[in-house]
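1. whatever this is, show me its structure:
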Amino acid sequence: MEGAHAAFEAMPLRTTASYNALLAGYFRNNLPDAALRVFHRMPSRDLASYNALISGLSLRRHTLPDAAAALATIPYPPSVVSFTSLLRGYVRHGLLADAIRLFRQMPERNHISYTVLLGGFLDAGRVDEARALFDEMPAKDVVAWTAMLSGYCQAGRIAEARVLFDEMPKKNVVSWTAMVSGYAQNGQVNLARKLFEVMPERNEVSWTAMLFGYIQAGRVEDAEELFNAMPEHPLPACNAMIVGFGQRGMVDAAKSVFERMRERDDGTWSAIIKAYEQNEFLMEALSTFRKMLHDGIHPNYPSVISILTVCAALAVLDYGREVHAAMLRCSFDKDVFAVSALITMYIKCGNLDKAKKVFNMFEPKDVVMWNSMITGYAQHGLGEEALRIFDDMRLAGMVPDRITYIGALTACSYTGKVKEGRDIFNSMDTNSAIRPGAEHYSCMVDLLGRAGRLEEALDLIKTMPVEPDAVIWGALMGACRMHKNAELAEVAAKKLLELEPGNAGPYVLLSHIYTSTGRWEDASEIRKFISSRHLNKSPGCSWIEYDKRVHLFTSGEVLAHPEHASILKVLEKLDGLLMESGYSADGSFVLHDVDEEQKTHSLRYHSERQAVAYGLLKVPEGMPIRVMKNLRVCGDCHSAIKLIAKITSREIVLRDANRFHHFKDGFCSCRDYW
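-> Numbering: from 1, shown residues only. This next block holds a predicted model:
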């Protein structure tokens, strides 16, 4: 527009047509104030000048009254173009009642006027009224036919769409593509392909519509075959293939498409980040997101949600802060779903204060936000605060959903509030429309089990109206380990094997219970059973974020880290300080029958202890050391880290598979009730 304006000003003679061209250009480039200045300085105006003004003022909702006023004050008889420009504005902004009123007042209508209002009816989902208008049209071009056809498809009325398609006097590639897309979007992919095969001509949109159909139906192999047959690979088709490959777990194939693309948009980056995130290639997702920002691509909504999920899973707070900054730059901090994901990220990264600040600043809050805070406080062992938020939520007039009750019951379970938990559970039947499901019964079994009421928990399982699932039996199993009840653990383990025959977890837990009670032969038999069945057991690992890198530690493999020598020195120093503080290793957490010295040696190299040692080595004093672990924290390590926090005067935050432990001054936020 700078060049256009300069050319205009340099003209020795300016006509009304040249003014009109500049006026329309300013409106088209979203510079309405400059356009109005041009209009007011025009020495003379014709009908085209007023039509350009009406069309430009109709682009924005708040200037529609000005557009209507301009139409009413045209010094010439308004043309059908004048009326249609305002009509288009009403339709664009969803003011269908105003559009209908104007349409009925128009002294003259043409096929464009009809088609504009037809689109308004279809956008509003008023398909039958659209059809009545369509039938009323004195002349219908291929655009009107195709609009009506697409409206039927979008409403799921595919049979009526096909009748209309067959009646069309003239079809073009857009009409054919609309019908193919209609079949594909409505789950009739085979019919879509049959029609696609007989199309007289195809364009990029036709190929991509068919591709979308296959991906939407989960037929990624068919989509890949079609993709490979395409004469060109347009951007939307490549993005769709990355999404499809990601959904199927074919990460290498998704990455291959991404790397071959010459052109990428924000949808491309979002698709590959999502493919990494949903397949747990978490570090790749993080590095790709950072590269996207480095390349100057603004993140879109899906990529922000994906990367916040990754940051939460890895508990990488520094990366999370970067994403928060990107959200602020892109104004995503105004979106309730994005902010809910941000709150969850801060909670899972162990920064509850920041989560609470974001929560307090945002209005209006939805149920997902309240749930995030209730669950977050519960996971951090702050049951009283979680229940206060639960009460505040109801006082604010927000109706709890099933997730809310899970969070509140979890808060009771993690803090031993049996009475409060019972009251909340019983209130579901009396005070809400939500009936307790398996997940709520699981919380109650966990609550009773943690409190040592194992027989009561078993009775609840036997009498509950829903079929107990693996989570419920797993909750009982965990309680049996806590209270060293091998007999009941065997019952739970047997049930778990029936429900999840390929899961080694229950047997590993049973082995722990046997070793903790000195039943070494039984523990050995369990390990043989696991080996003979080829059951998978997740290896225990812990990680810590430092200097924008994630450092991973595996139990017993301290030499794998490049700074292992320094870590070993810290561990040896800690051993001496722990001994002086009265620490004695708890050998019941070693799974093999070895002597006490070997047990102490084994416990020293548990992954969480290695990560804490690395944190002491690297994280500056005054800052909390944040460690994550994929399994439950070892009981001996829990005792040791309490003392380490005291003797080093450091705050240590440990997130295990279930909850957070905040260690400070020799105490843990869980109050040893975990």
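2. only C-alpha atoms from now on, for both contacts and neighbour counts.
-> OK.
3. output stretch 55-67 as PDB, restricted to C-alpha atoms.
-> Extracted as PDB, the C-alpha positions of stretch 55-67 are listed here (Å, rounded to 0.1, in the frame of the first residue of the first chain):
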ATOM      1  CA  SER A  55     -18.100  -3.000   1.000                       C
ATOM      2  CA  GLY A  56     -15.100  -1.800   3.100                       C
ATOM      3  CA  LEU A  57     -17.200  -0.700   6.100                       C
ATOM      4  CA  SER A  58     -19.000  -4.100   6.000                       C
ATOM      5  CA  LEU A  59     -15.700  -5.900   6.700                       C
ATOM      6  CA  ARG A  60     -15.900  -5.200  10.400                       C
ATOM      7  CA  ARG A  61     -18.900  -5.800  12.600                       C
ATOM      8  CA  HIS A  62     -18.700  -2.500  14.500                       C
ATOM      9  CA  THR A  63     -18.700  -0.400  11.300                       C
ATOM     10  CA  LEU A  64     -21.800  -2.200   9.800                       C
ATOM     11  CA  PRO A  65     -24.100   0.600  11.000                       C
ATOM     12  CA  ASP A  66     -21.900   3.100   9.100                       C
ATOM     13  CA  ALA A  67     -22.100   0.900   6.000                       C
END
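4. and the contacts of it?
-> Stretch 55-67 has contacts (CA atoms under 8 Å, 6 or more residues apart in numbering) with 24, 27-28, 32, 53-54, 82, 85-86, 88-90, 92-93.
5. need those in JSON lines with secondary structure and pLDDT, can you?
-> Shown next, in JSON lines, are these (DSSP: H, G, I helix; E, B strand; the rest coil; pLDDT from 0 to 100):
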{"residue": "A24", "secondary structure": "helix", "pLDDT": "92"}
{"residue": "F27", "secondary structure": "helix", "pLDDT": "91"}
{"residue": "R28", "secondary structure": "helix", "pLDDT": "90"}
{"residue": "P32", "secondary structure": "helix", "pLDDT": "89"}
{"residue": "L53", "secondary structure": "helix", "pLDDT": "93"}
{"residue": "I54", "secondary structure": "helix", "pLDDT": "93"}
{"residue": "S82", "secondary structure": "helix", "pLDDT": "92"}
{"residue": "S85", "secondary structure": "helix", "pLDDT": "93"}
{"residue": "L86", "secondary structure": "helix", "pLDDT": "94"}
{"residue": "R88", "secondary structure": "helix", "pLDDT": "94"}
{"residue": "G89", "secondary structure": "helix", "pLDDT": "94"}
{"residue": "Y90", "secondary structure": "helix", "pLDDT": "95"}
{"residue": "R92", "secondary structure": "helix", "pLDDT": "94"}
{"residue": "H93", "secondary structure": "coil", "pLDDT": "93"}
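6. for the chain, which helix is longest?
-> Longest helix of the chain, by residue count under DSSP state H: helix 564-580.
7. identify each buried residue in it, please.
-> For helix 564-580, the neighbour count (16 or more other CA atoms under 10 Å) marks 567-568, 570-571, 574-575, 577-578 as buried.
8. swap in stretch 284-296?
-> For stretch 284-296, the neighbour count (16+ other CA under 10 Å) marks 285-286, 288-289, 292 as buried.
9. residue ranges with poor pLDDT in the chain?
-> Low-confidence segments of the chain (pLDDT under 70): 431-432, 533-538, 585-603, 674.
10. domain assignment for it?
-> 445-533, 541-668 (the TED database).
11. quick one: closest of the ones you listed to R37.
-> R37 sits nearest to domain 541-668 of all these, at 51.7 Å, using CA to CA.
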